[in-house]
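# what would the 3D arrangement of this be:
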Amino acid sequence: MVHGAPTARFLTELNADIWQPYRDAHASGDTEAFLALHTPELIRAGGPGKTVQGFDEYAALSREWRAGMKERGSSVAIEFRFTERITDGELASERGVYRLTATRADGDQKIFHGHFHTFSRKIDGHWRIAVDYDDTNATPADFTAATAPEDFAPYLVRG
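Model (predicted):
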């Protein structure tokens, strides 16, 4: 297979299979829905702890983190913007910036920004994250400068 530029259809699929459900799972606190967006062979790297994890360890830590948030009455919302989207319809590499808004039970909010880079593959007709890397070094300006998930124009072949 020749790995070419993305099409609007492939990017629409990625948004529907990964990015919107990712946001929804964070907003609803549904850890299992969040974990279902990843392959069982997941490689997860980076984050605040600068660690490398497989799916089982990442799942356990995600469940623990979410349970602690629920116990404290906290919530979290996440948004994504992109700086690169490469896909051939079966494999994808996407880079961008996230904004995570953490809200405590008392209404106090903290906003965090970071860069992400995911590699995804289509499995049984659905996109799943196979490799996920992030850092916490982005700024609000980085987020603003990146493109919205629905803005495909910078990633499509012209002409």
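
# tell me where the chain is predicted with low confidence.
The chain contains residues with pLDDT under 70 at 1-6, 157-159.

# state which strand of it is the longest.
strand 109-123 (DSSP state E).

# buried set for it?
113-122 (16 or more other C-beta atoms under 10 Å). Glycine gets a C-beta too; all of them are placed from N, C-alpha and C.

# what's the following helix or strand after that strand?
Moving toward the C-terminus from strand 109-123, the first helix or strand encountered (DSSP states H and E) is strand 126-134.

# how near is Thr12 to Gly89?
Separation of Thr12 from Gly89 (C-beta to C-beta, to the nearest Å): 11 Å.

# ok, now Pro154?
For Pro154, the distance to Gly89 - C-beta to C-beta - is 18 Å.

# more neighbours, those two?
Gly89 (16 against 12; other C-beta atoms under 10 Å).

# now the strands for the protein?
38-46, 51-54, 75-87, 91-103, 109-123, 126-134.

# of all these, which lies closest to Ala146?
Evaluated with C-beta to C-beta, the strands of the chain place strand 75-87 nearest to Ala146, the distance being 3.5 Å.

# so what's the nearest residue to Thr144 once chain neighbours are set aside bridging to?
Among residues not flanking Thr144 along the chain, Arg81 sits closest, at 7.9 Å (C-beta to C-beta, 6 or more residues apart in numbering). When assigned by DSSP bridges, Arg81 has beta-bridge partners Val97.

# count of neighbours near Arg81?
Arg81: 18 neighbours (other C-beta under 10 Å).

# now do the contacts for it.
96-99, 143-144, 146-149 (C-beta atoms under 8 Å, 6 or more residues apart in numbering).

# got the angle for the longest helix belonging to the chain vs strand 38-46?
Criterion DSSP state H: the longest helix present in the chain is helix 55-72. Helix 55-72 runs at 80 degrees relative to strand 38-46, counting by axes from the mean of the first three to the mean of the last three C-alpha atoms, to 10 degrees.

# what lies in contact with stretch 13-29?
30-31, 33-34, 37, 66, 69-70, 75-80, 85, 87, 92, 94, 118, 120, 122, 126-129, 149-150.
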